[in-house]
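J.: Fold the following, please.
(one chain, ligands or ions: 1)
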Amino acid sequence: MEPLKQENRVFNPPADFVKSAAIPGMEAYKKLCDEANSDYDGFWGRLAKENIYWKKPFTKVLDESKAPFYKWFEDGTTNASYNCLDRQVEAGLGDKTAIIFEADDGTVTKVTYKEMLERVCKMANALRKMGVKSGDSVIIYMAMTIEGIVAMQACARIGAIHSVVFGGFSAQALRDRIMDVGAVAVITADGQFRGGKALPLKAICDEALSTGECPKVKHVIVSKRTGTDVAMQAGRDVWMQEIVANEATTCEPEWVSAEHPLFILYTSGSTGKPKGVQHSTGGYLLWAILTMKWTFDIKPNDVFWCTADIGWVTGHSYITYGPLAVGATEIVFEGVPTYPNAGRFWDMIQKHKATIFYTAPTAIRSLIKASSNDQAVHPKSYDLSSLRLLGSVGEPINPEAWMWYYENVGGSRCPIADTFWQTETGGHMISPLPGATPMIPGSCTLPLPGIQAAIVDEAGVDVPNGQGGILVVKRPWPSMIRTIWNDPDRFVKSYFPEELGGTLYLAGDGAIRNKDTGYFTITGRIDDVLNVSGHRMGTMEIESCLVANPLVAEAAVVGRPDELTGEAICVFVVLKGGRPTGEEAKKVATELRNWVGKEIGPIAKPKDVRFGDNLPKTRSGKIMRRLLRVIAKGEEVTQDTSTLENPHILDQLKESL
Ligand code: WT7
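T.: The predicted structure follows:
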C-alpha cells in the first residue's frame, strides 16, 4: 500500500495557543499517556468521575470478563440528556446560547440551554405518553434542524435508543433499518431544505412503511419544516409541533446504566447488509466530552461549528452530544456549502464569529476548486479572524488540501486537528492536540491519551515504524462499539478476528508510522469498503443492489481515486441481454445509476459504468478485483493475465461511459 504523498514541513502549535490549552505541550500529553499506561482503570475512572454526572456512582471501571463485549462503568447510572442540558442550566448557563441555527435560506434562530432543555422535556414527555419506553428503539429520519437534535435528546432522556437514518437514504434503506432495529416509532419531517430546494422526507417514510414489513411501528411523528403537503395516516401519524404543544417543560430523566444503549447507527461493512453499530451511554458520553476538551480545546467563549450531518456519527458526537455536554455554543447548519454560493461556509464563520471549524477534506477540496477562479467566494475575501482552531474528518486529508486550509482558512495561525476515527470508535482516536502536537500535513499524528493504537502484520504482530501494516487498537476504550445490533457473532468476527489473535480491535484501515516521529498516516481501507466524499460505502452492498436490477446478470464494484471525492465508485456490469454499445450503453448506464440512487441513496450512485460480455475471472471463477482497480484508474494492465479465463474482455471494460 502506498502512503500518501508526504509533506515534511513541521507546523508547531502557536505559542499563545499552548499557554491556555487543555493539554499544553507534549509533556502534558505524555503525562496523560503515562497515567493511562501505569493504571488504566484508575485513569479512566478518574476522568469518568470528573466529567460526567452520575446519579449513582460506578464502583467498577472496566469489566473484561466477557471480552470482547467490554463493559464500562456498568453499575453507575446516568443520563445523556441530563448531562447535556440540565447540568448546564444548573451551572448557571441557562441563558447561554446552545445552538445558533442557520437555515438553508439564511434565517438564523438562536436557542439557549434553558429553551433547549424545555423543548427536549416536552418531546420526551410526548414520547412517553405515546408509550415509548426505555429500551425501545426509535428511528429518526430528519435533516439538519433543531428538531432533529431535540428528537435525539428526547429519546436519550427517556432511555429510548435512537437510530438516525441520513436524510439522503432511500425508502428501501430506511425500511431495512426500521426492520433491523425493530423501531416502535419513526420521527421524521414533512421535508428538508437543501440548496434552495424542498426535498421530501415523509413521503419516503410512507413508502418505506408501505410494504407492511414494519408492523412494530405504531407512531410516525412528523415535524413541520417545508410546509409540503403530506399524507397523514389517522391513528399513526401525528405532527411533532402539535404533540409537544401542551406538554410540561420538565421531565424526569430515565436514569440508566452506563451500559444502556444510547444509539444504534448503521454503517457499511465489507460484506452483506449495513451493520447496526451500538454505542453505550456512559463510555460514549465520556469520550465525546473528553475529545471536545482535548482535541477541540473547547472554552466557554468558543463558537464551535461542526459541518457534519446528524445522520453520521460525526453529527452525533460533535453536534448532538459533545458540544452540549461541555456547555458550548455551537452552529447548526441546515444547508449545503455551495448555496447560494461556494462562499457559504466563510460567510457563516464571519457572521457568527466561529472560533472552531470542523469539516471534511472533500468539502475543502470542492471549495478550493470553486474559489480558484472566483475571488468572491475565496476565504481570503472574508474576515475569518475569529477562528482559532480547525479540524478535518472523514478521510485522509491530502497535504495540498491541508496547506490550503491552513493558509487560507486558518490564516497560518490555527492548528488543524486531522482527526482519525470511525462510527465504531465513538470519537477521535488519533489526532494532533492543538496545544501540544507539532503537525505534519497528511498525518493524523499520535493517538489520544489512553488510546493504544498500533500497527501490526497479518498475524497480529507489531511491525517496526516505517513499515506499513494493519491499524489496530490493543486495549478497549470507553466509547468503543458494544456490539452489532442483532448480530454479536458478526461483531466479534469483524472487529476481533481470530487471525489477529482475537484481542486486537481491527479498524479496517491500513496505516504506517513515520520512522523518526512515530506519527501515524492512514493509507486507506484494507477491506471492501469505499470512502466517497467521506461517506462509507460497501462494494458488496452496491453489487447486490445492481444484480437486483432485472437487466443485470453480474456486477463488480471497485473504487478509484478521485480528486474531489477521494474515491469514486466504478462499476463493471454484465447485462443479461448482452453487452450494449453506443447510445444504448449510455442509456442503460444512466438507468443503472438512477437505480442505485433510488435503492440505496444518491451518495451511492456510481460515477463510472463499464459493460463487458463477462468479468475478468480466474479459471476457478473468482473475479479479479485487483485488475478491475487498475482498469478503473485508467491505467494499462501490466499484470500477468495468463490465469484469466477470458483476457479479451479487458478491452471491452476499458471503455468508460
Ligand atoms: C473511516 C470511518 C469518523 C467519522 C466520519 C467517518 C476514514 C475517517 C479519517 C482521517 C484518514 C479517515 C477511515 C475510517 N477516516 N477519518 N482523519 N484520516 N482516514 O466515519 O463513516 O465510520 O468512516 O473513514 O477509513 O475507517 P465512518
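J.: mind checking which helix or strand the residue of the stretch 101-250 of the chain found nearest the ligand is in?
T.: Ranked by C-beta to the nearest ligand atom, the top residue of the stretch 101-250 of the chain for proximity to the ligand is F166, at 10.6 Å. Backbone N, C-alpha and C define where each C-beta goes, glycine included. If you go by DSSP states H and E, F166 is not part of any helix or strand.
J.: Use 771 as the first number for this chain going forward.
T.: From this message on, residue numbering opens at 771, which makes the last subject F936.
J.: What is the burial count for it?
T.: Other residues near F936 number 21, with proximity taken as other C-beta atoms under 10 Å.
J.: what about A1140, neighbour count?
T.: Applying the criterion other C-beta under 10 Å, we find 16 residues in the vicinity of A1140.
J.: and what of M914?
T.: When neighbours are defined as other C-beta under 10 Å, M914 has 27 of them.
J.: doesn't E1104 make contact with it?
T.: Yes - the pair formed by M914 and E1104 meets the contact definition of C-beta atoms under 8 Å, at 4.6 Å.
J.: The ligand contacts on this structure?
T.: Within the chain, the positions lying close to the ligand (C-beta under 6 Å from any ligand atom) are 1037, 1082-1084, 1163-1166, 1188-1193, 1214, 1277-1279, 1292, 1295, 1301, 1306.
J.: Those residues in strands, which ones?
T.: Of the residues of the chain next to the ligand, the ones assigned to strands by DSSP state E are T1037, V1163, D1188, T1189, A1277, G1278, D1279, I1292, R1295, N1301, R1306.
J.: who wins for neighbours among those?
T.: In those, the most neighbours by other C-beta under 10 Å go to D1188, 27 neighbours.
J.: residues contacting that one?
T.: Shown in contact with D1188 (C-beta atoms under 8 Å, 6 or more residues apart in numbering): G1161, S1162, I1167, W1172, S1201, P1202, M1209, G1212, S1213, C1214, T1215.
J.: Tell me the one of those residues nearest the ligand?
T.: C1214 (5.0 Å).
J.: Was I right to think that closest one contacts I1200?
T.: Yes - taking C-beta under 8 Å as the contact criterion, C1214 and I1200 are neighbours in contact, 4.5 Å apart.
J.: Span of stretch 910-919 from start to end?
T.: Its start and end residues considered, stretch 910-919 measures 10 Å (C-alpha to C-alpha, to the nearest Å).
J.: what separates it from the chain centre, distance-wise?
T.: Going by C-alpha atoms, centre = their mean, to the nearest Å, the spacing between the C-alpha centre of stretch 910-919 and its chain's C-alpha centre is 16 Å.
J.: residue ranges of the strands in the stretch 921-1070 of the chain, please?
T.: All strands of the stretch 921-1070 of the chain, identified by DSSP state E, counting those that start in this stretch, fall at 931-934, 955-959, 961-964, 967-970, 989-993, 1007-1009, 1026-1027, 1031-1037, 1045-1050.
J.: ok, back up a step: the residue nearest to the residue of the stretch 871-1020 of the chain closest to the ligand when sequence neighbours are not counted: neighbour count?
T.: Counting by C-beta to C-beta, 6 or more residues apart in numbering, F936 lies nearest to G1081, which is 2.9 Å off, once chain neighbours are set aside. Burial of G1081, expressed as a neighbour count using other C-beta under 10 Å, amounts to 23.
J.: Report the separation between G1081 and the ligand.
T.: Here the criterion is C-beta to the nearest ligand atom, to the nearest Å. By it, G1081 lies 11 Å from the ligand.
J.: for that residue, what are its contacts?
T.: V934, V935, F936, G937, G938, F939.
J.: mind giving me a markdown table with those and columns for pLDDT?
T.: Compiled in a markdown table, the contacts of G1081 are given as follows (pLDDT from 0 to 100):
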| residue | pLDDT |
| --- | --- |
| V934 | 98 |
| V935 | 98 |
| F936 | 96 |
| G937 | 95 |
| G938 | 94 |
| F939 | 95 |
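J.: Show me which pair in those residues is furthest apart.
T.: Across the contacts of G1081, the two members that end up farthest from each other (C-beta to C-beta) are V934 and G938, 12.1 Å apart.
J.: Looking at the two, which one has more neighbours?
T.: Per other C-beta under 10 Å, whichever of V934 and G938 has more neighbours is V934, with 28 against 19.
J.: How about that one: what's its closest non-neighbour residue?
T.: Leaving out its chain neighbours, the residue that sits closest to V934 by C-beta to C-beta, 6+ apart is I910, at 4.5 Å.
J.: from memory the one you found sits against I957, does it?
T.: Yes - under the criterion of C-beta under 8 Å, I910 makes contact with I957 at 4.9 Å.
J.: Residues in contact with both of those two, list them for me.
T.: With contacts taken as C-beta under 8 Å, 6+ apart, the residues that reach both I910 and I957 are A921.
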